[in-house]
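Asks: Using only what follows, build the 3D model:
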Amino acid sequence: MLSFIIILLCVNIDALSFGISYGMRENKIKLSTIIFISTLSTILFLIPLLLSKTIMSYFDKEICNLINGIFLITLGVIYIFETNKKTPKNLSLRESIFECFIISVDAIFTALFNGYLLKNYIFYIILYYFINFFAIFLGNRTFYKFSKFSKLNLCFFSGFIFIFLGIFKIFGI
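Replies: Predicted coordinates for the structure are as follows:
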């Protein structure tokens, strides 16, 4: 149980880096948008969690780790190259859905790999929602305030987080 709670914290590093990225660009994400993204992300976590026993009987875990890692590295590179682009002050519904899929990739694969081992799904789903919500909220608000005082451009930071997570996934860490 404790190990899966730690895993939930780790898979939400993506959500934290998303919040940080927008905060560093001096974009404060609306509370309603954070609720929407966290809810959709939780649904994206729930589906593979429930289907993991069936799906993992057909796929090799190492191949899934490789796919997950490559996807995260690609997203990291995209984030790094898009750091200088202007982002809108408010995320549209379409952008929110897109960002939600990006930050949920690692959680989807984690749910597939470990979901069949769990017994109390409701607890983990609720916990995932709250960790996801607070990762986005606190990352965004903290770095939004930080960006107001600092003139450093650290927007690329989120991209490097995705790249390092991808490398760790490829090696099964």
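Asks: Name the single longest helix found in this protein.
Replies: helix 121-149 (DSSP state H).
Asks: counting contacts, what elements does that helix pack onto?
Replies: The contact analysis (3 or more Cβ pairs under 8 Å, 6 or more residues apart in numbering; DSSP states H and E) places helix 121-149 against helix 2-11, helix 13-24, helix 31-55, helix 93-114. Any C-beta I mention is one placed from the backbone N, CA and C, and that applies to glycine too.
Asks: Report the rounded mean pLDDT for the helix or strand following the third one.
Replies: Translated: helix 31-55. Scanning forward in sequence from helix 31-55 by DSSP states H and E, the next helix or strand is helix 61-81. Regarding helix 61-81, the rounded mean pLDDT is 84.
Asks: May I see the buried residues of helix 61-81?
Replies: Buried residues in helix 61-81, counting neighbours by 16 or more other Cβ atoms under 10 Å, are found at C64, N65, L66, N68, G69, F71, L72, I73, L75, G76, Y79, I80.
Asks: Turn the residues you listed into CSV, columns for distance to I103.
Replies: CSV is the format used below for the buried residues of helix 61-81 (distance: Cβ to Cβ, whole Å):
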residue, distance to I103
C64, 18
N65, 18
L66, 20
N68, 13
G69, 16
F71, 12
L72, 11
I73, 15
L75, 9
G76, 12
Y79, 11
I80, 16
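Asks: quick one: which of those residues is nearest L49?
Replies: Nearest to L49 out of those is C64 (Cβ to Cβ; 14.5 Å).
Asks: Check whether the closest one really touches A111, as I assumed.
Replies: No: judged on Cβ atoms under 8 Å, C64 makes no contact with A111 at a distance of 11.3 Å.
Asks: Least confident of the helices and strands packed on helix 121-149, on average?
Replies: Per-stretch mean pLDDT for the helices and strands packed on helix 121-149 is lowest at helix 2-11 (a mean of 80).
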